[in-house]
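the sequence and its predicted three-dimensional model are supplied below.
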Amino acid sequence: PAARARELECRALCANTWAFSDRGRVMNFVRSAILDELVDRWLSKVAALVALYVTFRGHNAPGGGFAGGLVLGGVFVLQFLTGREPHLRHRPIRRPTMLLGAGLLMALGTTAAPLFVDAAPLESHIWKPDLPLIGEVKVVSSMFFDLGVFLTVIAVVLLILQSLGTRGAAVSQRRLDGEA
């Protein structure tokens with residue numbers, strides 16, 4: 001009975017805390033409702049908009065897919081640190097490998113597409129379609145390469161967090177089993 005009570009107590013404690021190991025010691029941190037609210041309601045949305053702006057602005061100015069991917073990856077890291085699974089619009093991202101494949105395929109396709117029209121790899125082309133209610137919009141082919149890099153960086157961050165989450169679950173399970 002005492003072992004079962006200890007296990008139930010530990011499970012209840014683990015539900016409201018997260019832990020990581022520092023040289024063999026497990027350190028617990030209590031989840032903060034204020035931090036959860038701040039990250040979910042404000043920081044995630046603002047940072048996602050900044051990431052999209054940086055990504056689409058990058059083909060003509062500093063930024064681009066890598067910088068935008070790191071900004072959105074930072075949002076996922078914050079979500080992970082608050083004890084939540086990384087998500088967009090309250091939908092968890094379950095298969096980051098699909099994002100990785102789509103990003104690499106988009107970047108590779110953008111790199112190779114000019115070869116089919118006897119141009120150099122990564123040669124850029126500009127289209128200026130006239131959209132109703134918006135006006136003329138400048139679309140550059142390098143934007144698709146930036147989007148591919150953006151998706152690839154996000155996928156790598158998510159895969160790293162998934163790996164850390166798997167390791168963290170193993171540490172928590174060992175702790176429940178009574179191992180050091």
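Thanks, I have the structure now.

assess the claim that L161 and G74 are in contact.
No - using CB atoms under 8 Å, L161 makes no contact with G74, being 11.3 Å away. C-betas here are computed from N, CA, C, even on glycine.

who has more neighbours out of these two?
Taking other CB atoms under 10 Å, L161 and G74 do not tie; L161 has more neighbours (21 against 15).

leaving out sequence neighbours, find the closest residue to the more buried one.
F80 (4.9 Å; CB to CB, 6 or more residues apart in numbering).

show the pLDDT at the one you found.
As predicted, F80 sits at a pLDDT of 83.

what segments of the chain are strands?
17-22, 25-30, 87-88, 91-92, 126-127, 130-131, 135-136, 139-140 (DSSP state E).

least reliable of the ones you listed going by mean pLDDT?
strand 17-22 - the lowest mean pLDDT of those, at a mean of 45.

shaky segments in this structure?
Residue ranges of the chain with pLDDT under 70: 1-33, 59-62, 89, 166-180.

in it, which residue is closest to the centre?
G73 (3.7 Å; CA atoms, centre = their mean).

next, count neighbours for the closest residue to that one other than its chain neighbours.
Closest residue in space to G73, ignoring its immediate chain neighbours: V157 at 3.3 Å, by CB to CB, 6+ apart. V157 has 22 neighbouring residues, counting by other CB under 10 Å.
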